[in-house]
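Student: this one's structure only:
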């Protein structure tokens with residue numbers, strides 16, 4: 001019976017990972033589609049390939065943070081894991097329906113935390129594991145914004161004597177590189193969060209030592225495959241918001257935004273921080289748009305996105321806690 005529960009929970013984690021890729025496909029391809037460098041179909045194939053390619057380039061520092069560094073692994077039960085995944089999946093589907101580019105990462109840690117608190121109280125939270133994550137909610141969009149803005153200003157300065165047609169020609173090619181770079185970092189940071197949850201399931205079932213948290217290779221491979229397949233499906237509602245509703249983009253702007261955001265996510269992944277790739281790329285798009293003029297950014301749309309960011313962790317946490325309490329009421333632990 002326990003083995004069947006483990007299979008069910010790992011399947012649920014992979015479903016979340018797939019929805020993560022589906023929901024966050026906009027992060028990787030919105031700019032390259034809106035600038036017409038790639039068609040939507042080719043763009044999702046390009047992004048999905050590099051999402052999976054992160055398997056060969058990155059470790060599992062983020063997975064270990066999510067799996068054992070934010071919630072006391074000793075209070076985690078199967079019900080806590082299921083409730084946490086439920087909160088994350090429901091919030092992702094709600095925000096996808098409204099076309100809001102929120103963070104699947106924050107939905108996951110919010111749902112997981114809410115379920116753990118419902119099970120064991122606030123003592124289930126490991127404060128030190130949340131410090132960098134909460135800090136990067138503010139830092140990652142700011143880094144993305146500054147990096148996008150600085151790169152765009154530098155490009156304007158370097159290419160000031162070059163005709164717009166030639167600039168467009170070169171950056172159509174370079175945007176393929178920047179889109180690949182961002183997709184690689186997106187896969188690395190986001191897939192690792194699901195790895196952490198899957199490893200938590202294995203540790204709870206006794207298949208792993210809770211005090212020596214090591215991520216099995218098959219878990220890593222499964223997580224990267226699921227997020228790549230999700231990206232391949234594409235979340236077109238959010239792609240429209242990211243690619244055209246915040247600001248109008250050309251290939252040179254797409255290159256600067258993707259490169260700046262990729263740098264922000266790379267730093268976070270190297271530090272083992274489960275950062276939001278959504279926050280980073282949105283900040284970079286705003287930074288790039290503001291180099292033309294402040295009115296080039298649709299600040300009303302940006303404001304609604306920020307409010308959705310603020311609500312993500314508590315909303316997913318409430319959903320996770322609610323499901324956790326419901327399971328406890330039926331004696332399911």
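Tutor: Nice, thanks for sending it over. All figures in this text were calculated on a predicted structure; none of them were measured in a lab.

Student: quick one: the helices in the stretch 101-250 of the chain?
Tutor: Shown for the stretch 101-250 of the chain, the helices assigned by DSSP state H, counting those that start in this stretch span residues 104-120, 127-158, 164-204, 217-233, 236-240.

Student: got those as CSV, with distance to residue 72, mean pLDDT and mean neighbour count columns?
Tutor: Backbone N, C-alpha and C define where each C-beta goes, glycine included. What follows is those, written out as CSV (distance: least, C-beta to C-beta, whole Å; pLDDT from 0 to 100; neighbours: other C-beta atoms under 10 Å):
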stretch, distance to residue 72, mean pLDDT, mean neighbour count
helix 104-120, 7, 91, 28
helix 127-158, 10, 84, 18
helix 164-204, 11, 88, 23
helix 217-233, 21, 91, 22
helix 236-240, 34, 59, 19
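
Student: So which of the ones you listed is nearest residue 94?
Tutor: Residue 94 sits nearest to helix 104-120 of all these, at 9.6 Å, using C-beta to C-beta.

Student: Compute the inter-axis angle for the closest one and helix 217-233.
Tutor: Helix 104-120 runs at 130 degrees relative to helix 217-233, counting by axes from the mean of the first three to the mean of the last three C-alpha atoms, to 10 degrees.

Student: Distance from helix 104-120 to the middle of the chain?
Tutor: 16 Å (C-alpha atoms, centre = their mean, to the nearest Å).

Student: go on, stretch 154-169?
Tutor: For stretch 154-169, the distance to the chain centre is 32 Å (C-alpha atoms, centre = their mean).

Student: which residues sit against it?
Tutor: Contact with stretch 154-169 is made by 250, 251, 252, 255, 256, 291, as judged by C-beta atoms under 8 Å, 6 or more residues apart in numbering.

Student: These: which two are farthest apart?
Tutor: 251 and 291 (14.7 Å).

Student: quick one: which of the two has more around it?
Tutor: residue 251 (24 against 18; other C-beta atoms under 10 Å).

Student: how much space between that one and residue 130?
Tutor: Residue 251 sits 39 Å away from residue 130, going by C-beta to C-beta, to the nearest Å.

Student: cool, residue 35 as well?
Tutor: From residue 35 across to residue 130, the span is 37 Å (C-beta to C-beta).

Student: Equivalent analysis for residue 264, please.
Tutor: According to C-beta to C-beta, residue 264 stands 19 Å off from residue 130.

Student: quick one on the thing from earlier: any chance of the contacts of stretch 154-169 in a markdown table, plus distance to residue 326 and secondary structure?
Tutor: Output for the contacts of stretch 154-169, formatted as a markdown table (distance: C-beta to C-beta, whole Å; DSSP: H, G, I helix; E, B strand; the rest coil):
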| residue | distance to residue 326 | secondary structure |
| --- | --- | --- |
| 250 | 50 | coil |
| 251 | 49 | helix |
| 252 | 51 | helix |
| 255 | 48 | helix |
| 256 | 47 | helix |
| 291 | 49 | coil |
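
Student: could those residues go into a markdown table alongside distance to residue 65 and pLDDT?
Tutor: Formatted as a markdown table, the contacts of stretch 154-169 follow (distance: C-beta to C-beta, whole Å; pLDDT from 0 to 100):
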| residue | distance to residue 65 | pLDDT |
| --- | --- | --- |
| 250 | 37 | 82 |
| 251 | 36 | 87 |
| 252 | 36 | 87 |
| 255 | 31 | 90 |
| 256 | 30 | 89 |
| 291 | 34 | 75 |
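
Student: my read: residue 309 touches residue 280, true?
Tutor: No: counting by C-beta atoms under 8 Å, residue 309 sits too far from residue 280 to count as a contact (11.7 Å).

Student: neighbour-wise, which of these two wins?
Tutor: With neighbours defined as other C-beta under 10 Å, residue 309 and residue 280 compare such that residue 280 has more, 37 against 22.

Student: Just the element for that one, please.
Tutor: For residue 280, the host element (DSSP states H and E) is helix 277-290.

Student: Just want the angle from that helix to helix 104-120.
Tutor: Going by the same axes, to 10 degrees, helix 277-290 is angled at 140 degrees with respect to helix 104-120.

Student: State the mean pLDDT of helix 277-290.
Tutor: Averaging pLDDT along helix 277-290 yields 80.

Student: Who are the packing partners of the helix or strand just after it?
Tutor: Beyond helix 277-290 on the C-terminal side, the first helix or strand identified by DSSP H and E is helix 299-329. Secondary-structure packing of helix 299-329 (3 or more C-beta pairs under 8 Å, 6 or more residues apart in numbering; DSSP states H and E): helix 78-97, helix 104-120, helix 277-290.

Student: gap between helix 299-329 and the chain center?
Tutor: 15 Å.

Student: Could you do stretch 266-280 as well?
Tutor: Distance, centroid of stretch 266-280 to centroid of chain: 8 Å (C-alpha atoms, centre = their mean).
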